[in-house]
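Asker: pasted the sequence and its predicted model underneath.
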Amino acid sequence: MTTISASAVKELREMTGAGMMDCKKALTETNGNMDQAVDWLRKKGLANAAKKSGRIAAEGLVAIATDGPKGAVIEVNVETDFAAKNDKFVDFVRQAADAAMHTAGDLDVLKNAPHASGKNQADALTDLVATIGEHMNIRRVALLAVSQGVVAGYVHAAAAPNMGRIGVLVALESSAPADALAAFGKQIAMHIAAARPEALSRADVDSSALERERAVLTEQAKTSGKPDAVIAKMVEGRINKFYEETVLLEQPFVITGEGTVQEAVDAKAKELGTPIKLGGFVRFALGEGIEREEKDFASEVQAALAG
């Protein structure tokens, strides 16, 4: 019997997009002949995923999973909104979110985590690509955890329980009762979904982004022709406004419309009789940062007719 090397399996997998075990079986069945193995996979319908891999997948689902002091959020992409509603896709995303709870927020670990099928998550998704016929991708994962307290979550535009177009996790460190913390944490998460903060506190603001903002504001203020001392005060005032817009703790709390998020946290801590600290947050919006292909329908029709 021909010995099948790991490198050969890897090469075939990269060529076809088929699962690892399927590639090994194909090479075994064809005595290690790479071309014949590709044909074997194609005949079995297992190489379809390779043809899909170049397509842009910007639809899909963001999903969260929470369990007391820990929570995970993932984004799994697919090409069309129609496919994102497929029950098999939804089921895959649900169990992938559960698996993400044990990955320390590492994408490679998630892709190699076990799937109910007996394969890993990446190979199970490859099989799903062959079934549904669209390119799919486990794009990103994040994990939050606290030593004492809760990680609360919220999903906006939910398509299924804990799955939708925006997923938010927020960590609350406190000895307060978990139920009360979770309810308040959901309100903070809803605020984050709407207000899109970029940092938790002033200390967390990216220094280069702050300097760029300061430089722009300084140049704008100079056009006023005012003395340098006045310009300096104008810039600081606008920097404070920048913080109000981008720093979570300084944003106006949209849930009540009164005070800042920090003031809402302080008020809740007083109500519950124990300190509460926001330890961090994560906000995933479906498809953010993905360059979507702009299609010219008229040109596509002309090209089809010409062909």
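Answerer: Arrived safely, thanks for sending.

Asker: can we go C-alpha only for contacts and neighbour counts from here?
Answerer: OK.

Asker: shaky segments in the protein?
Answerer: Residues of the chain meeting the criterion pLDDT under 70: 1, 17, 45-56, 291-307.

Asker: quickly list the domain ranges of it.
Answerer: For the chain, automatic domain parsing gives the domain ranges 6-52, 59-196+275-285, 206-246.

Asker: between those, which one is closest to residue 259.
Answerer: domain 206-246 (11.5 Å; Cα to Cα).

Asker: ranges for the strands of the stretch 151-300 of the chain?
Answerer: Here the stretch 151-300 of the chain has its strands, by DSSP state E, counting those that start in this stretch, at 163-164, 166-174, 276-285.

Asker: how about the longest one as CSV, C-alpha atoms only?
Answerer: Listed in CSV are the C-alpha atoms of strand 276-285, where the atom choice follows Å, rounded to 0.1, in the frame of the first residue of the first chain:
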residue,chain,number,x,y,z
ILE,A,276,-18.8,47.6,39.2
LYS,A,277,-16.0,48.0,36.7
LEU,A,278,-16.3,47.6,33.0
GLY,A,279,-13.5,45.3,32.1
GLY,A,280,-13.7,45.4,28.3
PHE,A,281,-16.0,45.0,25.3
VAL,A,282,-16.1,43.6,21.8
ARG,A,283,-18.3,44.6,19.0
PHE,A,284,-18.5,42.7,15.7
ALA,A,285,-20.6,44.0,12.8
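
Asker: what does it rub up against?
Answerer: For strand 276-285, the external contacting residues (Cα atoms under 8 Å, 6 or more residues apart in numbering) are 62, 73-75, 142, 144, 146, 165-176, 192-193, 196, 200, 265-266, 268-269.

Asker: distance check, the residue of the chain positioned farthest from its centre against residue 188.
Answerer: The centre of the chain is farthest from one residue, residue 227, which by Cα atoms, centre = their mean lies 46.8 Å away. To residue 188, residue 227 is 42 Å away according to Cα to Cα, to the nearest Å.

Asker: where do the helices of the stretch 1-150 of the chain begin and end?
Answerer: 6-16, 20-29, 34-43, 48-52, 81-84, 87-100, 107-111, 121-132 (DSSP state H, counting those that start in this stretch).

Asker: next, the contact list for residue 144, please.
Answerer: Here residue 144 is in contact with 70-72, 151, 169-171, 280-281 (Cα under 8 Å, 6+ apart).

Asker: quick one: which of those residues is nearest residue 16?
Answerer: residue 72 (30.8 Å).

Asker: residue 69 and residue 85, how far apart?
Answerer: For residue 69 relative to residue 85 (Cα to Cα), the value is 30 Å.

Asker: between the two, which has more neighbouring residues?
Answerer: Counted by other Cα atoms under 10 Å, residue 69 and residue 85 do not tie: residue 69 has more neighbours, with 19 against 15.

Asker: if we can go back for a sec, closest one to residue 109 among the strands of the stretch 151-300 of the chain?
Answerer: Nearest to residue 109, of all these, is strand 276-285, at 19.0 Å by Cα to Cα.

Asker: sheet partners, orientation included, of that closest one?
Answerer: In the sheet, strand 276-285 lines up against strand 166-174 (antiparallel) (DSSP bridges).

Asker: where's the strand it pairs with relative to the chain centroid, distance-wise?
Answerer: With Cα atoms, centre = their mean, to the nearest Å as the basis, strand 166-174 stands 14 Å off its chain's centre.

Asker: ok, stretch 218-225 next?
Answerer: Stretch 218-225 has its C-alpha centroid displaced from the chain centroid by 39 Å (Cα atoms, centre = their mean).

Asker: for that stretch, list the C-alpha coordinates in CSV.
Answerer: The C-alpha trace of stretch 218-225 is given here as CSV (Å, rounded to 0.1, in the frame of the first residue of the first chain):
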residue,chain,number,x,y,z
THR,A,218,-5.1,72.3,15.4
GLU,A,219,-4.9,73.1,11.7
GLN,A,220,-8.6,73.8,11.6
ALA,A,221,-8.4,76.1,14.7
LYS,A,222,-5.5,78.1,13.1
THR,A,223,-7.8,79.2,10.3
SER,A,224,-9.7,81.3,12.9
GLY,A,225,-6.8,83.6,13.2
